[in-house]
Every structure is written in C-alpha cells, then in structure tokens.
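Visitor: got a predicted structure here, sequence first:
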Amino acid sequence: MRGALRPLPVTTGTTPLSVVVLISGGGTNLQALIDTAPRRGFRIAGVISNRPAVKGLARAAAAGIATRVVDHTAHPDRAGFDAALAAAIDAFAPDLVVLAGFMRILTPAFVDRYRGRMINIHPSLLPAFQGLHTHRRALEAGVAEHGASVHFVTAELDGGPVIAQARVAVEADDDEDRLAARVLAREHVLLPQVVEWFALGRLAMRDGRVWFDGTAIAQPLPC
Ligand code: GAR
C-alpha cells in the first residue's frame, strides 16, 4: 500500500517573512492576509490594534495569532503612543510592518524607525485623495477610475512611494457603498500580493523610490 501523501512544503526551506499587522477596525484586509499567508511565503507574528474589542482582533485570535492592544486614548500625546506601539511591534521582531486599516497618524520618529519595512494600504489611486472619505470624494470629483494603493510609509501622510495599485472603473450608478465594496474586494488581492513580493525579496525602498527586481519603477505596479 502506498504511504499517505504528504502536504507540499509551504516555503522553499527559507524562513517565511515575519509580519506584524496594525489595524483599527474590522480587519477584512487582515483576513485576506491570514487566508493567503501560507501560500504567499509569509507568516503573521502578531496583530496590534489601537482600539480594543474590534473585529480584526477576533479574526486574529480565531487564527491563533497573538494580539495586542495599544490604546491611543491611554496616551496623552502622539510620542507616548508611538513609543508604546514601537515597543509592542519590536517584541515580535518582524521583518515587515503592514498597516491594514490602521487609522492613526504616526510621528516622523516612528516612521523612520521602520523605514523601508513598513507599508500601508490606502483606498485611492494615490496621489489622488489622500486622507479620509476617499470614495465619496472620488464620486464628487467625477473621476472615471478609482482604486487602492499600497505604498511605503514615510513621514508624509499617504505620501510615501507607491508600490502597486488596483484600478476600478467608476460606474454611472455608483454610490459610496457600492464603490467602496468593489475597491475593498481588490484591496484583498493587492495587499497579499505586495507582501508576497516583499517576502520574495523583490521589493525595496531606496532614495525615496520603489525598487522592484533591482530596478526603480517609473509607475506603480498594476495588480
Ligand atoms: C480599507 O479600505 C483600507 O484601505 C482603509 O481602511 C479600510 C480598512 O478596512 N485604510 C485607510 O483608509 C488608511 N488611510 P478593513 O479593516 O476591513 O481592512
């Protein structure tokens, strides 16, 4: 009789990239990362939220991932919060920090600490619509295309070099919710893809630019 089939190894023998994910809410992007991590060559070492009792924390716990809360309301100023957040991140010693719906503005000192190894997903085609309410503002502006971007985090809010974008056509009958849902579905593919590229060593930030496979890219990568 033949022996039982063994599962294929999920990596090629190298240690998978260790990732810490920062969230503030529902965590559907976190869920996309949880669901794809084994086949995309990374592992989620920990999930940190600045808000207690959000659904994203339950998603992490259900997947057996360590969770921490660093509550911004417990810190009188940004520097104190950022110091506590950095301590929580560093305890996991991650290779990459992923902001997935993390809704806090970070101090330049914090951003510098993770320069080149912290990425953020933002629901617009950056540099368009930095900040909040991106879907509403896209509809008000009457753009034909909207979407999502993943960028390296720099001190400039939503202003770091863009790695990749997913583009979504705006339909004539779109409202904010419909458009947001279509963009979010694309985010769930875009973010794991970028983390996989990072895990494969294909991505870097140098001289304020994105390098992919050893070349500085002129445009965000399509996804
Ligand atoms: C996502 O649409 C993400 O792009 C956005 O928050 C949402 C979080 O959803 N992030 C920002 O606006 C950051 N400026 P999720 O918690 O279900 O992943």
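Guide: Looks like it came in fine.

Visitor: give me the low-pLDDT residue ranges for this structure?
Guide: 1-13 (pLDDT under 70).

Visitor: can you tell me the residue of it closest to the ligand?
Guide: Gly101 (2.6 Å; C-beta to the nearest ligand atom). For every residue, glycine as well, the C-beta is placed using N, CA and C.

Visitor: pretty sure that residue belongs to a strand, no?
Guide: No. Gly101: not assigned to a strand; according to DSSP: H, G, I helix; E, B strand; the rest coil it is coil.

Visitor: contacting residues around it?
Guide: 23-30, 56, 121 (C-beta atoms under 8 Å, 6 or more residues apart in numbering).

Visitor: if we use 6 Å, what do you get?
Guide: Going by C-beta atoms under 6 Å, 6 or more residues apart in numbering, Gly101 touches 23-25, 29.

Visitor: same question for Leu85.
Guide: Contacts of Leu85 (C-beta under 6 Å, 6+ apart): Val70.

Visitor: for it, pull up the helix or strand it's in.
Guide: Following DSSP states H and E, one finds Leu85 within helix 78-90.

Visitor: only alpha carbons, please: show that helix as PDB.
Guide: Only the C-alpha atoms of helix 78-90 are listed here, as PDB (Å, rounded to 0.1, in the frame of the first residue of the first chain):
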ATOM      1  CA  ARG A  78       1.400  61.100  19.900                       C
ATOM      2  CA  ALA A  79       5.000  60.500  21.000                       C
ATOM      3  CA  GLY A  80       3.900  58.400  24.000                       C
ATOM      4  CA  PHE A  81       1.600  56.400  21.900                       C
ATOM      5  CA  ASP A  82       4.200  55.800  19.200                       C
ATOM      6  CA  ALA A  83       6.700  54.700  21.800                       C
ATOM      7  CA  ALA A  84       4.300  52.100  23.200                       C
ATOM      8  CA  LEU A  85       3.400  51.000  19.700                       C
ATOM      9  CA  ALA A  86       7.000  50.600  18.800                       C
ATOM     10  CA  ALA A  87       7.700  48.500  21.900                       C
ATOM     11  CA  ALA A  88       4.700  46.300  21.000                       C
ATOM     12  CA  ILE A  89       5.900  45.800  17.400                       C
ATOM     13  CA  ASP A  90       9.500  45.200  18.300                       C
END
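
Visitor: now that helix: buried residues?
Guide: The neighbour-count check on helix 78-90 (16 or more other C-beta atoms under 10 Å) flags 78, 81-86, 88-89 as buried.

Visitor: what's around Arg186, how many residues?
Guide: Neighbourhood size, Arg186 [other C-beta atoms under 10 Å]: 18.

Visitor: strands of this structure, start to end?
Guide: Ranges of strands within the chain are 17-23, 42-49, 66-69, 96-99, 118-122, 145-152, 162-169, 203-206, 209-212, 215-216, 221-222, based on DSSP state E.

Visitor: out of these, which gets nearest to Gln193?
Guide: Closest to Gln193 of the strands of the chain is strand 162-169 (C-beta to C-beta; 6.9 Å).

Visitor: tell me the strands beside the closest one, with direction?
Guide: strand 145-152 (antiparallel), strand 221-222 (parallel) (DSSP bridges).

Visitor: tilt between that strand and strand 118-122?
Guide: Going by axes from the mean of the first three to the mean of the last three C-alpha atoms, to 10 degrees, strand 162-169 is angled at 10 degrees with respect to strand 118-122.
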